[in-house]
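sharing a model prediction with you, sequence too.
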Amino acid sequence: MKNLNRRTFLKHSSLGLLGVSLMGCASKQQQSPNFVIIFIDDMGYGDTSRTGHPTISTPNLDRLADQGVTMTQFYSVAAVCSPSRAALLTGRYQIRNGVTKVLFPYHDVGLPKTEKTLASLLKQKSYATACIGKWHLGHHPEFLPTSHGFDYYYGIPYSNDMDVKEWGGIPTPLMRNETIIEQPCDQTTITKRYTQESKKFIQEHKDKPFFLYLAHTMPHFPLFRSEKFVDISRRGLYGDVISELDWSVGQIMDCLKQQGLEKNTLLIFTSDNGPWTMKGVQGGSSGLLRGGKASTFEGGVREPFIARFPGKLPAGSINMEVATTMDLFTTCLTLAGVPVPDDRPIDGNDLMPVWRNEQSSKSDPVYFYWDDKLAAMRSGKYKLHFRKHIGNWVWVDCDPLELYDLEIDPSEKYEISAQFPEIVSRLTEQAEKFKKEIAERGENKELIEKLENWQQS
């Protein structure tokens, strides 16, 4: 270099720096995308300002919707906590992965080790993984997040109301990895602390791909919020709780932007099941939908949903396709370049082409189970109910079967089976084939039977 004149030196130096700069840009562009799934507990379809609640303000969710895709027909395939989480993380119906019931502190079972979770599969591409919040897929060490592909866990291992005598009588624990660090947990600050832990994880792993599963404990009953959010909502205590959750969403959005990760992160917001309407004013709202938690009517399983991926998804768009939480499993794996398992049935589909309006959803039909029994199914615009919840956790068979046209009647007010017997017959035949396939495979049959026996005893 000493034989080059000043002009030549500067020219070569500039080209070199440009090359390094371009290599750096290429490296950033080629980095696998990050995934953040914010999973709310018992939030209703009508619990946001964007979905029409008159006294709940959710400015950060509104901002997220303005920047992303809102799905109006997005489902959890379960109407209660544990099965919905198992389906999300495995991409498989609960009748396949074995977690067909809510797990309690007296249960010594959990999500089977043979199941492949989104977190465990992303490890193939060296993702950093964290579960922050409610787990509820088994609280013994062999079932905790750290045994299912997560590098780090911070949260309450089951529902925050499970400290009653009949369910174990153990004061609600807060855990870090496999260790209880606080008992009973101070839940007045739990949303705030989950948010702080999530931001810390993002900041510490900004230089490598990561998967953050932020599964909030709230607004599951009993309700708690931190001092800053006391009496700020006209909706009362429940509104205060939703306001703090909305604040948390804003904090995650801002953190991603501050760390320069916004454009390379798929950020998803949804809920595990509908609102716990049996709790009255301390439960949420299903909006125009019928039913709530513990029901496979629309209010129990259709969830608020937003996906944001700047530059890769159309901002501010409304998508009316049908999709489920199981689709998130396949979507994230496909984006990460991880093969979707082919050694077992996977019920989720890649939603990226759907969100970009390039194709229709492949999530048809969708089956809804209660425990180990098929309760309802959706195919096209029709929903057929085989069993229904009539209140206080009581279920009865539908006689006759109940059929609804959800595109005309999303509130499921007008039963039309007598008008369309051929549709009832076609969907029933389809359901019987699915049940036969499930029975023939017999996946996790021992766990399913064990959970059934527990309930009966």
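Structure's in. What do you need?

tell me the contacts of Ala79?
273-274, 293-296, 300-301, 368, 370, 389 (Cβ atoms under 8 Å, 6 or more residues apart in numbering). Placement of C-beta: from N, CA and C, glycine included.

setting the sequence-adjacent residues aside, check what's closest to it.
Gly300 (3.9 Å; Cβ to Cβ, 6 or more residues apart in numbering).

on contacts alone, who are the packing partners of the strand or helix carrying the one you found?
Taking DSSP states H and E as the definition, one finds Gly300 inside helix 298-301. Contact partners of helix 298-301 among helices and strands, from 3 or more Cβ pairs under 8 Å, 6 or more residues apart in numbering; DSSP states H and E: none.

tell me the pLDDT at Glu166?
What the model reports as pLDDT for Glu166 is 82.

show me what the strand or helix carrying Phe386 is in contact with.
Assessed by DSSP H and E, Phe386 sits inside strand 382-391. Here strand 382-391 makes contact (Cβ under 8 Å, 6+ apart) with 79, 278, 291, 294-298, 300, 370, 373-378, 395-398, 401-406, 412, 420, 423-424, 427-428, 431.

so who does Ser198 touch?
For Ser198, the contacting residues are 130, 132, 212, 214, 251-252, 255, by Cβ under 8 Å, 6+ apart.

could you do Lys192 as well?
226, 244, 248.

ok, the last one touching Gln196?
No. Applying Cβ atoms under 8 Å as the test, Ser248 and Gln196 come out as separate, 9.7 Å apart.

give me the more crowded residue out of the two.
Ser248 (23 against 15; other Cβ atoms under 10 Å).

what values do phi and psi take at that one?
Note on Ser248: backbone dihedrals following degrees, to the nearest 10 are phi -60, psi -40.

the residue nearest to it when sequence neighbours are not counted: neighbouring residues, count only.
Excluding the flanking residues, the one nearest Ser248 by Cβ to Cβ, 6+ apart is Thr195, at 4.4 Å. Number of residues near Thr195 (other Cβ under 10 Å) recorded here: 23.

how about the one 5 residues further on?
Neighbours of Lys200 under the rule other Cβ under 10 Å: 15.

any idea which helix or strand carries it?
Residue-wise, Lys200 maps onto helix 190-204 under DSSP H and E.

run the chain-centre distance for whichever helix or strand comes after that helix.
Next helix or strand after helix 190-204 toward the C-terminus (DSSP H and E): strand 210-215. Strand 210-215 sits 10 Å away from the centroid of its parent chain (Cα atoms, centre = their mean, to the nearest Å).

same question, stretch 279-289
19 Å.

report the buried residues of it.
Residues of stretch 279-289 classed as buried: 279, 283-287, 289 (neighbour count, 16 or more other Cβ atoms under 10 Å).

tell me where the stretch 201-350 of the chain has helices.
Assigned by DSSP state H, counting those that start in this stretch, the helices in the stretch 201-350 of the chain fall at 237-258, 298-301, 326-336.

just say which of those helices is most tucked in.
helix 298-301 (a mean of 29; mean count of other Cβ atoms under 10 Å).

which residues touch that helix?
By Cβ under 8 Å, 6+ apart, the surrounding residues in contact with helix 298-301 are 44-45, 75-79, 273-275, 277, 286-287, 289-295, 368, 383, 389, 406, 410-412.

average model confidence for that helix?
For helix 298-301, mean pLDDT is 98.

tell me the domain boundaries of this structure?
According to automatic domain parsing, the chain is divided into the following domains: 31-364, 367-456.

out of those, which is the most enclosed?
It is domain 31-364: most buried of the domains of the chain by mean count of other Cβ under 10 Å, with a mean of 21.

that one: how far from the chain's middle?
4 Å.

endpoints of it, how far apart?
33 Å (Cα to Cα, to the nearest Å).

what of stretch 224-237?
8 Å.

same deal with stretch 360-370?
Note: stretch 360-370 ends 28 Å apart using Cα to Cα.

pLDDT averaged over it - what is it?
Mean pLDDT, stretch 360-370: 97.

next one: stretch 147-157
98.

show me how far the top strand by length along the chain is from its chain's centre.
Assignment by DSSP state E gives strand 394-405 as the longest strand of the chain. When C-alpha coordinates are averaged (Cα atoms, centre = their mean), strand 394-405 and its chain have centres 27 Å apart.

who does that strand pair up with?
The strands beside strand 394-405 in its sheet (DSSP bridges) come out as strand 382-391 (antiparallel).
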